[in-house]
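Novice: Need coordinates for the following:
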Amino acid sequence: MLIREMKVDDLNRILELEHQLFTSTWKEEDFIYEIEENEFSFNYVLEDENKIVGYGGVFIMYENSEITTIGIDSTYQRKGYGQYLLNYMMNVARSKQCEIMSLEVRVSNDKAISLYTKLGFEIVGIRKNYYEDNHEDAYLMVTRLEDVQ
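Specialist: Got it, this is the predicted structure:
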């Protein structure tokens with residue numbers, strides 16, 4: 001497994017994964033903005049045997065960080081790839097002196113909630129009607145990042 005910075009050249013595969021994984025998807029221009037213009041955004045791809053099998057983004061501002069997106073090819077789920085990528089992004093945030101990491105997740109996404117809980121995230125609130133596609137609520141989950149060891 002290899003994690004590297006996301007490039008615009010990766011977007012065809014990433015958009016393919018977006019449509020495989022989510023009903024409410026990011027657009028190509030959203031990713032381009034995050035990669036090329038947003039100085040607070042750090043975006044990565046996860047490769048296995050030179051194939052992009054996952055991607056994620058983290059927004060870092062001062063002591064706070066937020067997972068903006070994370071997705072793993074459905075054939076690679078439940079095999080540790082998501083945990084590997086999320087741990088990597090947590091370490092990036094720690095290295096930039098972040099103290100807190102947050103994320104939103106659909107209340108129905110049991111697999112993701114299980115992973116986030118395993119990595120120390122706790123549900124601290126509910127975002128009502130958060131998702132545009134079906135107005136599903138989202139849990140706001142937060143964890144404190146400890147100092148890099």
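
Novice: Tell me the helices and strands packed up against the longest strand anywhere in the chain.
Specialist: Assignment by DSSP state E gives strand 51-61 as the longest strand of the chain. Packing contacts for strand 51-61, counted by 3 or more CB pairs under 8 Å, 6 or more residues apart in numbering; DSSP states H and E, involve helix 11-21, strand 41-48, strand 64-72, helix 81-95. Bear in mind the C-beta positions are built from the backbone N, C-alpha and C, glycine included.

Novice: Deepest-packed of these, please.
Specialist: strand 64-72 (a mean of 22; mean count of other CB atoms under 10 Å).

Novice: Please tell me how far it is from the chain's geometric centre.
Specialist: 3 Å (CA atoms, centre = their mean, to the nearest Å).

Novice: by how many degrees do that strand and helix 81-95 diverge?
Specialist: Here the directions of strand 64-72 and helix 81-95 differ by 160 degrees (axes from the mean of the first three to the mean of the last three CA atoms, to 10 degrees).

Novice: helices or strands next to strand 64-72 in the packing?
Specialist: helix 11-21, strand 51-61, helix 81-95, strand 100-106.

Novice: would you list those in a markdown table and tack on distance to D133 and mean pLDDT?
Specialist: Below are the helices and strands packed on strand 64-72 laid out as a markdown table (distance: least, CB to CB, whole Å; pLDDT from 0 to 100):
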| stretch | distance to D133 | mean pLDDT |
| --- | --- | --- |
| helix 11-21 | 13 | 95 |
| strand 51-61 | 19 | 97 |
| helix 81-95 | 22 | 96 |
| strand 100-106 | 10 | 96 |
